[in-house]
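Task: produce atomic coordinates for the following.
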Amino acid sequence: MRRSWVIAVAAMAFAAGCGDGVETAAAPSPSPAAARRMTVTSTAYADRGTIPRRYTCDGADVSPPLSLAGVPAGTASLALLLRDADAAHGRFTHWLVWDIDPHTRRLSAGEHPRGAAEGRNDFGRTGYGGPCPPRGDRAHHYVLTVYAADRRVSPGAGATSADLLRALSGHTLAVGVLMGRYGRG
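Below you'll find the model as predicted:
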């Protein structure tokens, strides 16, 4: 009986990941109660829309404004991860932030969440690095995932996305995703 349940859960997870071939969430293994979804939106672009130049390496290279809804009760902190799902060598991390106050519902463009920590992106810098796909590539898909955690997650200074996902593993209450596209022609 248990094996059938595990196979069924794995099949549902696989099916949920199918669709247009674009990764929509890179969630760590959430607890069974973590079927909750949050809503992540931006006034700068719609989900699956084009990311405006201002928020990329070709513009001001500032993080976009964000709004969160549906953060579950019991959330101790929020974390954020922005990755390029179409990078040549796998996912490329553009931004990772953790220990965001659980009451945060909005971030302005370019805002560093007060009291939160930022990790090292794949540009080798701490903080936000906007979309910057190679010229001539088709538009890349950028997946911004927000995690509600049941505890503060502190993977440490200079942490990478792998460190953050390990810290979130088993502590994720809900996940929200905003996907955008950007190409440089």
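
C-alpha from now on. contacts and neighbour counts both.
OK.

What sits closest to the residue nearest the centre of the chain if chain neighbours are left out?
Nearest to the mean C-alpha position of the chain, counting by Cα atoms, centre = their mean, stands residue 145 at 2.1 Å. By the measure of Cα to Cα, 6 or more residues apart in numbering, the closest residue to residue 145 outside its immediate chain neighbours is residue 177, 4.5 Å from it.

The one you found: which element?
Taking DSSP states H and E as the definition, residue 177 sits inside strand 172-182.

Who are the packing partners of that strand?
For strand 172-182, the helices and strands in contact under the criterion 3 or more Cα pairs under 8 Å, 6 or more residues apart in numbering; DSSP states H and E are strand 36-37, strand 39-41, strand 49-50, strand 140-149.

Residue 175 is in contact with the residue nearest to the centre of the chain, correct?
Yes. The pair residue 145 / residue 175 is scored as a contact, 6.9 Å apart, by Cα atoms under 8 Å.

hmm, back to that, and the helices and strands packed on strand 172-182: which comes nearest residue 62?
Put simply, out of the helices and strands packed on strand 172-182 the one that sits nearest residue 62 is strand 140-149, at 14.2 Å, with distance taken as Cα to Cα.

Kindly provide the whole-number mean pLDDT of the closest one.
In this model, strand 140-149 has an average pLDDT of 97.

ok, now stretch 59-66?
Per-residue confidence for stretch 59-66 averages out to 97 on the pLDDT scale.

which stretches of the chain have low pLDDT?
Counting by pLDDT under 70, the chain contains low-confidence residues at 1-35.

Sketch out the helices for it, chain order is fine.
2-17, 161-168 (DSSP state H).

Cool, thanks, signing off.
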